[in-house]
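Let's see this in three dimensions:
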Amino acid sequence: MIEAAMQPTRLKATSDGRADLCPARVLLIGYGALGRWVAKAAEQSDEFSIASVLVRHGREDDVRRDLPGIDVAASLDALQGRFDFALEVAGHEAVATHVPDLLAGGVETAIASTGALADDDLRERVIRCASSGRTRLRLLSGAIGGLDLLAAHRAAGISRVVYTGRKPPGAWKVTAGLPSTDKECLIFQGTAREAARAFPANANVAATIALAGAGLDKTEVRLVADPALRHNVHHVEAESKAGAFKLEMTGWPLADNPSTSALTAYSALRTLQGLTQPLDL
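Prediction:
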């Protein structure tokens, strides 16, 4: 159903002959805490609407009850609605299952689960599919910022990138199976690729930094459980021939899911809002 769902343009003619952008019709992949947040934001938006939702098999009826009138399915072939952009917020498996076919079908797609691209075969596959479909894959910035600066350092010949992710022990317990601890504990040190394999649920920030900067095998990663923290803290250091920078961010969790950054939700919202903006930074 991808060809039928995809439309070549979002332009509409106005009464005075101008061409305006129509609200983007979005295929939402995933309906967990982040997906529900995006769907609720769409209800208040003039820039985009949720046209269809892809969920795991067996969840269709529950999601249909929650989103009456919206096309819900467990596979791309079963979708009936029309959409012109896809947003993944479902996890690494969903990236591998759905994103290559969407890109090959010409559907521009953004993913939150950037850690999935630590798999070289999958990353090369989505690049080939985007090229053949004459579209592109967007990576959400998620819980981290400064990616444009990091990419500029990469162009200048980046020599060192170190990412340190610090979370309260309870956050690691949810996502990494870490037992409670009453003192600061280094739970991982290695490359971004190794972090993606060891902690797939926590790999998205490290993978995004690596893909924007020095690469998966040259980005150093440290993951720390710190009982003194109430929120997640991300720290990035990078150096190149153009200079050096340090960035530290503190992220609040999404209200419905303490293991998901609220900034990830807002980065998804910003991407969707930008689809119809004449000036997009």
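
I'd like the distance from stretch 38-47 to the chain centre, please.
How far stretch 38-47 lies from its chain's middle: 18 Å, per C-alpha atoms, centre = their mean, to the nearest Å.

contacts for that stretch?
23-24, 26, 28, 31, 48-50, 53, 67, 87, 89, 265, 268-269, 272-273, 275-277 (C-beta atoms under 8 Å, 6 or more residues apart in numbering). Where C-beta positions appear, they are placed from N, C-alpha and C, glycine not excepted.

end-to-end on it?
With C-alpha to C-alpha, to the nearest Å as the measure, stretch 38-47 spans 13 Å from end to end.

Flag every buried residue along that stretch.
Residues of stretch 38-47 classed as buried: 38-39, 41-42, 45, 47 (neighbour count, 16 or more other C-beta atoms under 10 Å).

how much space between the residue most central in space within the chain and residue 165?
The centre of the chain sits closest to residue 112, judged by C-alpha atoms, centre = their mean, with a distance of 1.3 Å. According to C-beta to C-beta, to the nearest Å, residue 112 and residue 165 sit 16 Å apart.

just to revisit the earlier point, need the buried residues of stretch 38-47 in a markdown table with distance to residue 107, can you?
A markdown table is the format used below for these (distance: C-beta to C-beta, whole Å):
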| residue | distance to residue 107 |
| --- | --- |
| 38 | 17 |
| 39 | 19 |
| 41 | 21 |
| 42 | 18 |
| 45 | 20 |
| 47 | 18 |
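
can you name the two of those that are farthest apart?
Maximum pairwise distance among the buried residues of stretch 38-47 (C-beta to C-beta): 14.4 Å, between 39 and 47.

Any stretches of the stretch 101-250 of the chain with poor pLDDT?
Low-confidence segments of the stretch 101-250 of the chain, defined by pLDDT under 70: 173-180.

show me where it has strands.
Secondary structure of the stretch 101-250 of the chain (DSSP state E, counting those that start in this stretch): strands at 109-111, 137-139, 160-167, 185-191, 219-225, 232-240, 243-251.

I'd say residue 206 and residue 194 touch.
No - Residue 206 is beyond contact range of residue 194, at 9.5 Å (criterion: C-beta atoms under 8 Å).

Common neighbours of these two, please.
Contacts common to residue 206 and residue 194, judged by C-beta under 8 Å, 6+ apart, are residue 221.

So for those two, which sits in the more crowded spot?
More neighbours surround residue 206 than the other of residue 206 and residue 194, with 32 against 17 (other C-beta atoms under 10 Å).

Quick check: that one vs residue 193, distance?
9 Å.

what does residue 35 give?
27 Å.

between those two, which one's more packed in?
Comparing residue 35 with residue 193 by other C-beta under 10 Å, the one with more neighbours is residue 35, at 25 against 22.

who are the neighbours in contact with the more buried one?
By C-beta under 8 Å, 6+ apart, the contact set of residue 35 is 28-29, 53, 89-90.

is it true that it lies in a helix?
Yes - under DSSP: H, G, I helix; E, B strand; the rest coil, residue 35 sits within a helix.

quick one, what contacts residue 271?
Residue 271 sits in contact with 87, 110, 138, 140, where contact means C-beta under 8 Å, 6+ apart.

typed the wrong thing, it's residue 191
216-221.

And residue 260, by the same measure?
Counting by C-beta under 8 Å, 6+ apart, residue 260 touches 33-34, 253-254.

Walk me through which strands the helix or strand hosting it pairs with, and which way each runs.
Assigned by DSSP states H and E, residue 260 belongs to strand 257-261. With DSSP bridges as the test, strand 257-261 is paired with strand 253-254 (antiparallel).
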